[in-house]
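A.B. asks: Model the following, please.
(chains A, B, C and D)
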Number of protein chains: 2
Amino acid sequence: MGASRMNCQAALQRENGNSAHMCVGQDSKEPLQTMSNKAVNLKELALHLGLSQTTVSRALNGFPEVSERTRQRVQEVAAELNYRPSLSATSLATGKTKVIGHVVQVSQHRMINPHFSDFLAGASETYAAAGYDMLLRAAAPEDEAGLYRDFASRKRVDAVVVHGPMVDEPRIELLKNLRLPFLVHGRCGRDIRDYAFLDVNNKTAFETLTNHLIELGHRRIALINGLETMNFAQRRRAGFEAALRTHGLTVDPELMFSADMTEPYGHTVAGKMLDSTNPPTAIMCSSILSAIGVQRAISERGLTLGSDISIATYDDLLSFLMPSDGEEIAPFMTSMQSSIQAAGRRAAEILLNQINDPETPVVQEVWNAKFIKGRTTGRPVR
Amino acid sequence: MGASRMNCQAALQRENGNSAHMCVGQDSKEPLQTMSNKAVNLKELALHLGLSQTTVSRALNGFPEVSERTRQRVQEVAAELNYRPSLSATSLATGKTKVIGHVVQVSQHRMINPHFSDFLAGASETYAAAGYDMLLRAAAPEDEAGLYRDFASRKRVDAVVVHGPMVDEPRIELLKNLRLPFLVHGRCGRDIRDYAFLDVNNKTAFETLTNHLIELGHRRIALINGLETMNFAQRRRAGFEAALRTHGLTVDPELMFSADMTEPYGHTVAGKMLDSTNPPTAIMCSSILSAIGVQRAISERGLTLGSDISIATYDDLLSFLMPSDGEEIAPFMTSMQSSIQAAGRRAAEILLNQINDPETPVVQEVWNAKFIKGRTTGRPVR
DNA sequence: CAGACTTTCCAAAGCGCTTTGGATTGTGCC
DNA sequence: GGCACAATCCAAAGCGCTTTGGAAAGTCTG
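C.D. replies: Model prediction:
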């Protein structure tokens, strides 16, 4: 005990000498390069303090068994010596990694896209605030199962977010079996009861949009949907068709398209329709991206948006399409809006709550997109 | 020794019983739910094999001290029992995390955007192939330094990629001091010698584009640039100005704009210019995104692209703007093209080489963007 | 002041891997 | 047979943290 205190003094001196030597005074006007970059581990810190590792660990982690005075002192010295617990050591000891996994599909479709990345941006903000990190891994769809299995057995992550659920989604069963906590962005058709998800009300959104067009007098309405192997696209189509049927309109397969939601796709498909003998008077899009392509096709043909032809779209409020804070611009496109970035934030929140308190019942949230009347829809001229 | 062998047999039986019990036969038609989800650790695996942990570890990691026969057997049994080394244990022991860090800025500007995410998509592909993962963390710019420090001292990552280098970039010095390997996407003005980077030749690209417009007969050319606090934007502007000066044209500050590269920004700025008394005959953009906004402003005014007004832009070949494999469409915009996703792939490759062989000299690569004559540039009518 | 709690701290045993420094066995050669 | 040497394998000591199961000291009671 006395010996340990002696060691402590000796170590303290050596340490100070060291840090003065290594860290200060190479380029002292550089503000970013502060004191001590040298890392200290728990053992050394405990030595400095003349305390046991147990006590130091507890003091820093807020356990009640340590006196307030000691805790203060520990915190001060820890800050001073720039102590930061090693993450691999911590996670080896606790079994928690403080990392949430996200999987990017690298297939031709669903390549990382602005929808996805805006969601990630939102989520990572929440993670950062809670001391979590986001792990991103690219995978071919056929590898994804193995990847989750890897996540689980190698303890790479504490939980995962399932992106782009398909109509029939095997991943959900898999994750349940692996006992890897997860949240689905979107949802899956059958067996919806027992897992957490955050979704928007896709069906209602597309009913609303379709109704709006019908009320304006449109009878031939096209739908440029996302990939209909995906759950959300399926629901959107259902909403579209329901609205048509309610008004006694026929569902024309010639006017329905489904593919990855890109600008060129919207452009190509709209172009073909506009050049056909019996073009639609309105086009609905599943994404603002394809809507932009449609708009390009329209402007190339010298048609007027909102009278010659109308566009209504789902809008995820993608950040690169949003005006910066200062400028107030009138909403341009008629759309159903819901911020996918906000969804990312909330999804992360739900997931973190879930893993920090596993007893809590699963959260299932469905957001309603907001209808915005813009300048791209109007009465048809014909 | 004999005893250990006995234990091994006993454990083997117990284990088999277990896995049959837990894993098979809950829903045997589900293909994703294969054999054994139960994880086995090294100790158990060694027990099963009747070998020491050392030997098993070496067999699996390809050390020469173990006979080929043994290695075979170890690999087989490891696969059979679904052994996967715990990552936190491995990284605690080796000091390597197999993770590369990327930092997202969450400020108003440089919010995660399609350029950034396409780069990430490329990089994560390379990482995945090499068994690495990508860690994404959101940070306010003022926190970024602390974050790198955290990465270094807590050993969260093996290396980082620096995104969006500013004109004057303190992060580089910091990372050098932290001895955290890094690669810069882009580069930084001064002191360029001693760090790895991957950049495109921004200056030349914008000289080329400007020359093209000048040769067509344009005299009033506008530049809608990115944020000129960023290094790349600075270089682009330099190229633009150099080309003008070479041809004896004056650099008109009224025609130069700088901000985050969004669609609305392009739209707003182009609108203002087009409505002014003396509009430019050509507009250059730093991003296809602002170019799309410019195009919208042009079509709103019923002007014809390529004659009334020309657009030339830098094009990162963003994936959501690319046509899918099948459809061949003629290039639309006149642009300087370079795939930012390919850059992500290559950047990751360089970085991985660097950390796996630290002795190798730093790699500095500058790509030349490719000129594409599209349909958005032509002779000015006035 | 003894006994019963609290309060405050600690030594040591993990967590699951890698790696050091041998020990053991097999082989070739004189 | 004995010796050197290579080929195989192993026990045990880390890596840096958390956590268990006390021990020691301080604080109340009656």
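
A.B. asks: For chain A, which residues are neighbours of DNA strand C?
C.D. replies: When proximity is defined as Cβ under 7 Å from any atom of the strand, chain A approaches DNA strand C at A:1, A:4, A:50-55, A:65-67, A:70, A:89, A:92-93. Where C-beta positions appear, they are placed from N, C-alpha and C, glycine not excepted.

A.B. asks: can we see that at 10 Å?
C.D. replies: Within chain A, the positions near DNA strand C by Cβ under 10 Å from any atom of the strand are A:1, A:4-5, A:42, A:46, A:49-59, A:63-71, A:73-74, A:88-95, A:153-155.

A.B. asks: In ChimeraX, how would I select the buried members of the residues you listed?
C.D. replies: A single ChimeraX command selects the buried members of these (16 or more other Cβ atoms under 10 Å in any protein chain shown):
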select /A:42,46,49,50,51,55,56,57,58,59,66,71,74,88,89,90,91,92,153,154,155
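
A.B. asks: Against DNA strand D, which of the residues of chain A next to DNA strand C make the cut? List them.
C.D. replies: Restricting the residues of chain A next to DNA strand C to those near DNA strand D - Cβ under 10 Å from any atom of the strand - leaves A:1, A:42, A:46, A:52-59, A:63, A:65, A:88-95.

A.B. asks: pLDDT of stretch A:360-377, averaged?
C.D. replies: The pLDDT scores in stretch A:360-377 average 95.

A.B. asks: Please identify the buried residues of that stretch?
C.D. replies: By 16+ other Cβ under 10 Å, the buried positions in stretch A:360-377 come out as A:363-364, A:369, A:374, A:376-377.

A.B. asks: Of those residues, which are in range of DNA strand D?
C.D. replies: Okay, of the buried residues of stretch A:360-377, nothing touches DNA strand D (Cβ under 10 Å from any atom of the strand).

A.B. asks: which among those gets closest to B:K176?
C.D. replies: A:V363 (44.8 Å; Cβ to Cβ).

A.B. asks: Spatially, which residue comes closest to the closest one, not counting chain neighbours?
C.D. replies: Leaving aside its chain neighbours, A:V363 sits nearest to A:I350 (4.8 Å; criterion: Cβ to Cβ, 6 or more residues apart in numbering or on different chains).

A.B. asks: Quick one: residues in contact with stretch A:244-255.
C.D. replies: Residues outside stretch A:244-255 that contact it (Cβ atoms under 8 Å, 6 or more residues apart in numbering or on different chains) are A:210-211, A:214, A:219-223, A:241, A:273, A:280.

A.B. asks: Put together JSON lines for those residues, with secondary structure and distance to A:F320 on each row.
C.D. replies: Below are the contacts of stretch A:244-255 laid out as JSON lines (DSSP: H, G, I helix; E, B strand; the rest coil; distance: Cβ to Cβ, whole Å):
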{"residue": "A:T210", "secondary structure": "helix", "distance to A:F320": "28"}
{"residue": "A:N211", "secondary structure": "helix", "distance to A:F320": "30"}
{"residue": "A:I214", "secondary structure": "helix", "distance to A:F320": "32"}
{"residue": "A:R219", "secondary structure": "coil", "distance to A:F320": "35"}
{"residue": "A:R220", "secondary structure": "coil", "distance to A:F320": "32"}
{"residue": "A:I221", "secondary structure": "strand", "distance to A:F320": "28"}
{"residue": "A:A222", "secondary structure": "strand", "distance to A:F320": "26"}
{"residue": "A:L223", "secondary structure": "strand", "distance to A:F320": "25"}
{"residue": "A:E241", "secondary structure": "helix", "distance to A:F320": "32"}
{"residue": "A:M273", "secondary structure": "helix", "distance to A:F320": "27"}
{"residue": "A:P280", "secondary structure": "coil", "distance to A:F320": "29"}
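
A.B. asks: Quick check: the farthest pair among those?
C.D. replies: With Cβ to Cβ as the measure, no two of the contacts of stretch A:244-255 lie farther apart than A:N211 and A:M273, at 21.4 Å.

A.B. asks: out of those two, which sits in the busier spot?
C.D. replies: Neighbour count, other Cβ atoms under 10 Å in any protein chain shown: between A:N211 and A:M273, A:M273 has more, with 21 against 17.

A.B. asks: can you tell me how far that one sits from A:L255?
C.D. replies: Remark: distance between A:M273 and A:L255 (Cβ to Cβ, to the nearest Å) = 7 Å.

A.B. asks: hey, what's in contact with both of the two?
C.D. replies: Shared contacts of A:M273 and A:L255, defined by Cβ under 8 Å, 6+ apart, comprise A:222, A:280.
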